[in-house]
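In: Below is the structure, and that's it, no one-letter string:
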């Protein structure tokens, strides 16, 4: 009975350990939070891009793309001295399903990391189709 309980506990620990991410202590180089996730057109979208301090960070580019409408903005970063959170605002977005992206660019000009979120802008029924 005791051996069976130990075996069950051991299996439970293995299952829990398998569910944990391997890099649980390492934050993503870039993350984003776009709000609101659902809005009525014409919408104002606020995007907060959070970056991990790193000497190789040179730029952050944020975009909102629905296929029919595209808007983007980019700012330069001063490596590890850059602000951890950068806020971008996109105004008057027409209806559509948008993929919002935050691309972190390194000192070699290449993408270092990418974060994505989907946002829906719904027609308000007041003539924006």
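Out: Perfect, I can see it now. Source: prediction; values computed, not measured. Numbers count the residues shown, from 1 in each chain.
In: quick one, helices of this structure?
Out: Along the chain, counting by DSSP state H, helices occupy 2-19.
In: Report the central residue of it.
Out: Centroid-nearest residue in the chain: residue 32, 3.1 Å away (criterion: C-alpha atoms, centre = their mean).
In: Bridged to that residue, which residues?
Out: residue 49 (DSSP bridges).
In: check contacts around it.
Out: Neighbouring residues of residue 32 by C-beta atoms under 8 Å, 6 or more residues apart in numbering: 47, 48, 49, 50, 62, 100, 101, 102, 115, 116, 117. Backbone N, C-alpha and C define where each C-beta goes, glycine included.
In: Then residue 69?
Out: Per C-beta under 8 Å, 6+ apart, neighbours of residue 69: 93, 94, 96, 98.
In: can you tell me how far the second one sits from residue 114?
Out: In this structure, residue 94 lies at 25 Å from residue 114, with C-beta to C-beta, to the nearest Å as the measure.
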